[in-house]
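Student: model the structure of this input:
(one chain, ligands or ions: 1)
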Amino acid sequence: MPIYHTLGSIPPKRHTQFRKPDGTLYAEELVSTEGFSSLYSLVYHAYPPTIVKALGEPYSVEPKIAREKHLKHTSLIGFNIEPVDDYLQSRKPVLVNADLHISLAAPRKSMTDYFYKNSQADEVIFIHVGSGTLKTGFGKIRFAYGDYLVVPRGTIYQLEFDTPDNRLFIVESFSPIRSPKRYRNAYGQLMEHSPYCERDIKRPTDLQTHDEKGDFKILIKKQGLIYPYIYGTHPFDFIGWDGFHYPWAFSIHDFEPITGRLHQPPPVHQTFEGNNFVICSFVPRKFDYHPLSIPAPYNHSNVDSDEVLYYVAGDFMSRKSVVKGQITLHPGGIPHGPAPGSVEKSIGKESTDELAVMIDPFRPLMLTEDAVRIEDENYFKSWVI
Ligand SMILES: [Fe+2]
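Tutor: I've put the predicted structure just below:
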């Protein structure tokens, strides 16, 4: 995220001697993306971040594909994913392609005996139910209902939940997550027409240095495998850091909707983007105010993208009888539109309280075995009058 941030102690000049009270050196680490050519941070550790004591046997968490090719409007009942104590085990990939994996998770317990690092993907963790703290070496971020936690690849983290009742909607992006380019000026600043700005970005706070040696288990994800590593120093041993590469959060409740006299197209809801997909936020807003406007969306053919909607809260204007946590997948290649009756019903309405996350991937998604287990098999008939 292109906002410079710094916490803790750093030397006045980079790559210079920075010493502990006992005269020994802190360990500097450059955390950089796209080689050395994009966002980066400089981190100062109590100990070098390289002290590996043992390696465990890697194991696969690769999604098991049930339906590689399909052309069927599909719905998944997301809250039918079973709660699981452990965070990593609770993550169930449901819709995947080479650009992103979408998972559902209902973890019951905080991470206490291990740390996790996704070294192949940025993670966007949408908090549908629950609250707690994202803990990293960069600092902490408190999270609550409606937050998107954005964790850049390579960030070692733990999630601490306040209660056992948690529902997460997770996107792993194999390219960097960023704000839409059209909302940024040449210097990276979010512009006046952007639906959110830098004040809405929650950055890490409360850096606490864990100057600890011992055995620290870090589960590292790469290429569909989890590699158990035992490091000799606590991964949150940052004395200080500065730069542009760090975890951050944005609340869907801070997304300011763009409205008009006529129905606004989906790009006005865009919140983030990665390579070959966008993430959008549908939030409570005033409806269109032309005297003859039709607030419900028109039928549309997404000719070259799939469309995933994750229903969060409120009455969804285009569809009745959706439930919280439900996912609809409208594949590119066939049209879809409002449910029968919802177009007439929308006329004259002044506002909507709908809340949803939409993802449009430009390459087809595959369904996993976990997805077909929670499928509403008759959804494709839901337009029959
Ligand atoms: Fe749509």
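
Student: the closest residue to residue 217 other than its chain neighbours and residue 163, how far apart?
Tutor: Setting aside the residues directly before and after it, residue 217 is nearest to residue 114 in space (CB to CB, 6 or more residues apart in numbering), at 4.2 Å. Every residue, glycine included, has its C-beta placed from N, CA and C. Noted for residue 114: a distance of 21 Å to residue 163, by CB to CB, to the nearest Å.

Student: between these two, who's got more neighbours?
Tutor: residue 114 (15 against 10; other CB atoms under 10 Å).

Student: got phi/psi on the more buried one?
Tutor: Main-chain torsions, residue 114, degrees, to the nearest 10: phi -150, psi 170.

Student: contacting residues for it?
Tutor: For residue 114, the contacting residues are 217, 218, 219, by CB atoms under 8 Å, 6 or more residues apart in numbering.

Student: count of neighbours near the last one?
Tutor: It stands for residue 219. 21.

Student: how near is it to residue 94?
Tutor: 21 Å.

Student: first-to-last residue distance for stretch 165-184?
Tutor: Terminal residues of stretch 165-184 are spaced 37 Å apart (CA to CA, to the nearest Å).

Student: buried stuff in it?
Tutor: 166-180, 183 (16 or more other CB atoms under 10 Å).

Student: show me those that map onto strands.
Tutor: 167, 168, 169, 170, 171, 172, 173 (DSSP state E).

Student: from residue 287, how far off is the fifth one?
Tutor: Which is residue 171. 28 Å.

Student: mind listing the helices for the stretch 201-350 of the chain?
Tutor: 342-346 (DSSP state H, counting those that start in this stretch).

Student: shaky segments in the stretch 201-350 of the chain?
Tutor: 317-320 (pLDDT under 70).

Student: show me where it has its strands.
Tutor: 213-222, 225-233, 238-243, 248-251, 270-274, 277-282, 285-286, 307-313, 326-330 (DSSP state E, counting those that start in this stretch).

Student: out of those strands, which is closest to residue 68?
Tutor: Ranking those by proximity to residue 68 (CB to CB) places strand 326-330 first, at 14.0 Å.

Student: tell me the strands beside that closest one, with direction?
Tutor: Taking DSSP bridges as the criterion, strand 326-330 forms sheet pairs with strand 74-77 (antiparallel), strand 307-313 (antiparallel).

Student: kindly reformat the ones you listed as TSV containing mean neighbour count.
Tutor: Shown next, in TSV, are those (neighbours: other CB atoms under 10 Å):
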stretch	mean neighbour count
strand 74-77	22
strand 307-313	22
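
Student: looking at the ones you listed, spot the one closest to residue 378.
Tutor: Of the strands paired with strand 326-330, nearest to residue 378 by CB to CB is strand 74-77, at 8.8 Å.

Student: residues in contact with residue 129?
Tutor: So residue 129 contacts 145, 165, 166, 167 (CB under 8 Å, 6+ apart).

Student: in the sheet, who's paired with residue 240?
Tutor: Under the criterion used (DSSP bridges), residue 240 bridges to residue 8, residue 44.

Student: quickly list what residue 231 is bridged to.
Tutor: With DSSP bridges as the rule, residue 231 is bridged to residue 52, residue 216.

Student: list the contacts of it.
Tutor: 49, 51, 52, 53, 215, 216, 218.

Student: kindly recompute the last result at 7 Å.
Tutor: Listed by CB atoms under 7 Å, 6 or more residues apart in numbering, the contact set of residue 231 reads 51, 52, 53, 216, 218.

Student: out of these, which are buried?
Tutor: Applying 16+ other CB under 10 Å to the contacts of residue 231 flags 216, 218 as buried.

Student: and of the contacts of residue 231, the nearest to residue 149?
Tutor: residue 218 (18.8 Å).

Student: what's around the closest residue to residue 135 other than its chain neighbours, how many residues?
Tutor: Once flanking residues are discounted, residue 135 sits nearest to residue 158: 4.5 Å by CB to CB, 6+ apart. A count of nearby residues for residue 158, using other CB under 10 Å, gives 20.

Student: ditto for residue 286
Tutor: Residue 286, neighbours per other CB under 10 Å, totals 13.

Student: so residue 313 makes contact with residue 326?
Tutor: No. Look at residue 313 against residue 326 with CB atoms under 7 Å: they stay out of range, at 11.5 Å.
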